[in-house]
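Novice: My questions concern the predicted model and sequence given below.
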Amino acid sequence: MKEPSTESLPLFPLNVTIVPGLILPLHIFETRYRRLVADLLVRSDPDTREFGIIAVREGRNPVYEGIDALYPIGTSAILRETEANDDGSYDIVSVGSRRFRIHAVAPGPTWDNSAPLLMAEVEYLDEIDSGNCAPLVGEALRNFRVYRGLLSGQFGEEFEMSDADDIDIDLGDEQLPEDATVISYLITAAMVLGMEERQQLLSVPDTASRLRLACKLLHRENALISLFNALPAIDLSVGSGSVN
């Protein structure tokens, strides 16, 4: 069996899962990540200013536990905007780029006795061709409309899930992307989910499988919200982002 091709990628472990296309603002204050930003800015080609966003398992520390503390699938991010602050910190805007699988993690360089920057050997994951996803896109968007309607309070207590086929929630469809893969990631980013389920959506190998799983999760969430008239808890510790 052929060994997968891997590349070295600096890691930025977070308690968040991002997807390709997601805009992620970050405040960079730790020495190791300030140095990472400075090193990326030296690169003349902006598209090569890439680092890895990887989610950390709850209660784990990647500095001491390495790869065991991390989820196996992450998304690289491209540094797009940078503002240097007087105290040496940065405010940056990054955009999710490519999914990757981690094969190995090792401590990288340190500066001023700071914690080491983690370096990973990663395999970039292609999106497998799923063929015609139009029916799945339609089903996913219908469920997503119900989900958005329930979260925004557009439906009263009398709403029944059996009425879902007849509703028409405006998502600004004229601005929705046509690409099924982009839509699958948009829904992944917009749902209020726990880390495990968000990682499942990120990890599936193809768009059709991601849309099927999204439909399953949306149907469950819609039924729970409708049944209990209660909204899912939102993790306020994670900064906002949007799919561009």
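Specialist: Nice, I can see it.
Novice: right, and the helix or strand after the host helix or strand of residue 186?
Specialist: Residue 186 is part of helix 180-190 when elements are defined by DSSP states H and E. Per DSSP H and E, the first helix or strand lying C-terminal to helix 180-190 is helix 195-203.
Novice: any residues touching that following helix, and which ones?
Specialist: 15, 17, 19, 55, 58, 71-73, 75, 99, 184, 188, 191, 193, 210, 213-214, 217 (Cβ atoms under 8 Å, 6 or more residues apart in numbering). All C-beta atoms are positioned from the backbone trio N, CA, C, and that covers glycine.
Novice: ditto for stretch 81-92
Specialist: Stretch 81-92 is contacted by residues 25, 26, 27, 28, 29, 34, 37, 41, 79, 80, 93 when judged by Cβ under 8 Å, 6+ apart.
Novice: Buried residues of that stretch, list them for me.
Specialist: Within stretch 81-92, the residues that count as buried by 16 or more other Cβ atoms under 10 Å are 82, 89, 90, 92.
Novice: Out of those, which sit inside helices?
Specialist: With helices taken from DSSP state H, there is no overlap with the buried residues of stretch 81-92.
Novice: which pair in the residues you listed spans the largest distance?
Specialist: 82 and 89 (11.0 Å; Cβ to Cβ).
Novice: From the contact counts, what lies against the longest helix belonging to the chain?
Specialist: For the chain, the helix that runs over the most residues, judged by DSSP H, is helix 207-228. On a contact count with 3 or more Cβ pairs under 8 Å, 6 or more residues apart in numbering; DSSP states H and E, helix 207-228 meets helix 134-151, helix 180-190, helix 195-203.
Novice: the longest strand in the chain is where?
Specialist: The residue-count maximum for a strand in the chain (DSSP state E) belongs to strand 90-107.
Novice: Poorly predicted segments of this structure, please.
Specialist: The chain contains residues with pLDDT under 70 at 1-2, 154-177, 229-244.
Novice: Residue 15 against residue 54, yeah?
Specialist: No: assessed by Cβ atoms under 8 Å, residue 15 is found out of contact with residue 54, at 10.6 Å.
Novice: These two: who's more crowded?
Specialist: residue 54 (29 against 12; other Cβ atoms under 10 Å).
Novice: From the contact counts, what lies against the host helix or strand of that one?
Specialist: Here residue 54 sits within strand 50-55, counting by DSSP H and E. Packing partners of strand 50-55 (3+ Cβ pairs under 8 Å, 6+ apart): strand 7-14, helix 31-42, strand 73-84, strand 90-107, strand 118-124.
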